[in-house]
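K.L.:
Prediction below, plus the sequence it came from.
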Amino acid sequence: MHEPLVSIIIPTFNRPDILPDTINNVLAQTWQNTQIIIIDDGTSEKSMEVVKSYNDDRIIYKKTKENLGCAGARMFGIQFSEGDFITFLDDDDEWTNNYLTNQYKIFKWNPSLDFVMCDYQVQSDNIDKHIHNMKPFAINFKKMIHQRPGPFFQCCMFKNKILENIEELMDRNAVPSEDWDFFMNLAMRNPSIGYSPNIDFKWNYSKTSQSANLFLEAKSLEYIVQKHRKSILQICGRIILSDHFRRIARIYERINDLLSVNKFYGKAFKSAPFWWKNILYKFLLTFGTKIGLQFISSLRKMRNNNE
């Protein structure tokens with residue numbers, strides 16, 4: 001069977017110690033017709049030395065002139081891709097050995113698809129392993145992606161054509177939640193989506209990862225919700241917009257930024273003043289922000305214990 005070429009873009013930044021694990025993970029794929037593009041996002045020469053040590057023609061090393069961040073590094077890498085399909089992997093994550101093969105099987109069954117997503121597992125030393133099911137997103141992608149974040153770049157394989165004019169899809173200002181922004185932008189192109197029921201991607205959540213910084217996460221979500229406010233309202237309505245503001249407020253709770261907590265609960269109340277969750281939260285916060293948040297935290301714990 002002829003294997004189409006798959007371009008794999010791997011951004012890396014100052015982590016030459018773990019980069020070999022990522023490269024080895026890709027080389028171990030059962031799908032072997034690959035172009036592995038390592039994007040060194042403005043670091044020292046050590047990453048280049050790692051790549052040279054492989055002496056493999058499939059591996060390409062490109063270095064940015066300045067630090068572009070995750071979204072910028074991915075955009076930079078796409079210009080060097082020659083594959084019929086494009087996928088992405090970060091330098092601290094991993095696929096199962098059958099990831100590429102399983103994704104392509106879905107394309108083979110339905111050649112009209114624009115991209116295929118699979119389920120993924122979040123793993124960390126501090127939290128239990130958790131499986132994220134992407135099937136609901138494949139069924140009603142535009143609505144689901146406006147309701148909440150879903151797939152990562154690393155669990156999706158794209159036809160190269162769907163990533164044309166990539167600057168319209170990726171936004172460097174959305175880091176570290178750029179995946180959500182990207183997929184909301186992509187949803188407006190009405191792509192045809194396939195789903196692989198395999199858990200083929202493992203996202204390693206760590207304190208050193210960009211997405212572990214709660215302040216940056218809150219600011220990026222604030223930016224994304226404001227940017228997509230119109231489409232969120234049109235597709236999902238005011239209650240979902242309110243849910244997004246409450247989610248941002250909860251992140252600020254975790255870093256004890258009470259001014260921002262009040263600001264975003266206020267935005268939630270204004271967006272959907274008669275939604276029961278907002279009425280309850282507004283009542284509890286009348287006792288004062290700190291006391292109200294203690295009540296809210298207790299209610300969440302009771303709910304979680306009953307689930």
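P.N.:
Yep, it's here.

K.L.:
beta partners for F115?
P.N.:
F158, I193 (DSSP bridges).

K.L.:
Please name the residues that touch it.
P.N.:
Applying CB atoms under 8 Å, 6 or more residues apart in numbering, we find F115 in contact with 156-159, 162, 191, 193-194. Backbone N, C-alpha and C define where each C-beta goes, glycine included.

K.L.:
for the helix or strand that contains V261, packing partners?
P.N.:
Using DSSP states H and E, V261 sits within helix 258-271. Using 3 or more CB pairs under 8 Å, 6 or more residues apart in numbering; DSSP states H and E, the elements in contact with helix 258-271 are helix 238-254, helix 276-285, helix 289-306.

K.L.:
Lowest average pLDDT across the ones you listed?
P.N.:
Mean pLDDT is lowest for helix 289-306 among the helices and strands packed on helix 258-271, at a mean of 61.

K.L.:
any idea which element T87 lies in?
P.N.:
strand 85-88.

K.L.:
which secondary structure elements does that strand contact?
P.N.:
Judged by 3+ CB pairs under 8 Å, 6+ apart, strand 85-88 is in contact with strand 6-12, helix 99-109, strand 156-159.

K.L.:
average pLDDT for the longest one?
P.N.:
For helix 99-109, the per-residue pLDDT values average out at 97.

K.L.:
Could I get the full set of helices for the stretch 51-200 of the chain?
P.N.:
69-78, 99-109, 135-139, 141-147, 178-187 (DSSP state H, counting those that start in this stretch).

K.L.:
export the ones you listed to JSON lines and tack on distance to I232 and mean neighbour count?
P.N.:
JSON lines is the format used below for the helices of the stretch 51-200 of the chain (distance: least, CB to CB, whole Å; neighbours: other CB atoms under 10 Å):
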{"stretch": "helix 69-78", "distance to I232": "20", "mean neighbour count": "22"}
{"stretch": "helix 99-109", "distance to I232": "29", "mean neighbour count": "19"}
{"stretch": "helix 135-139", "distance to I232": "16", "mean neighbour count": "16"}
{"stretch": "helix 141-147", "distance to I232": "5", "mean neighbour count": "20"}
{"stretch": "helix 178-187", "distance to I232": "8", "mean neighbour count": "22"}
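
K.L.:
With distance to K63 as extra columns, can I get those helices in a markdown table?
P.N.:
Output for those, formatted as a markdown table (distance: least, CB to CB, whole Å):
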| stretch | distance to K63 |
| --- | --- |
| helix 69-78 | 10 |
| helix 99-109 | 25 |
| helix 135-139 | 34 |
| helix 141-147 | 33 |
| helix 178-187 | 21 |
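
K.L.:
Sweet, I'm off.
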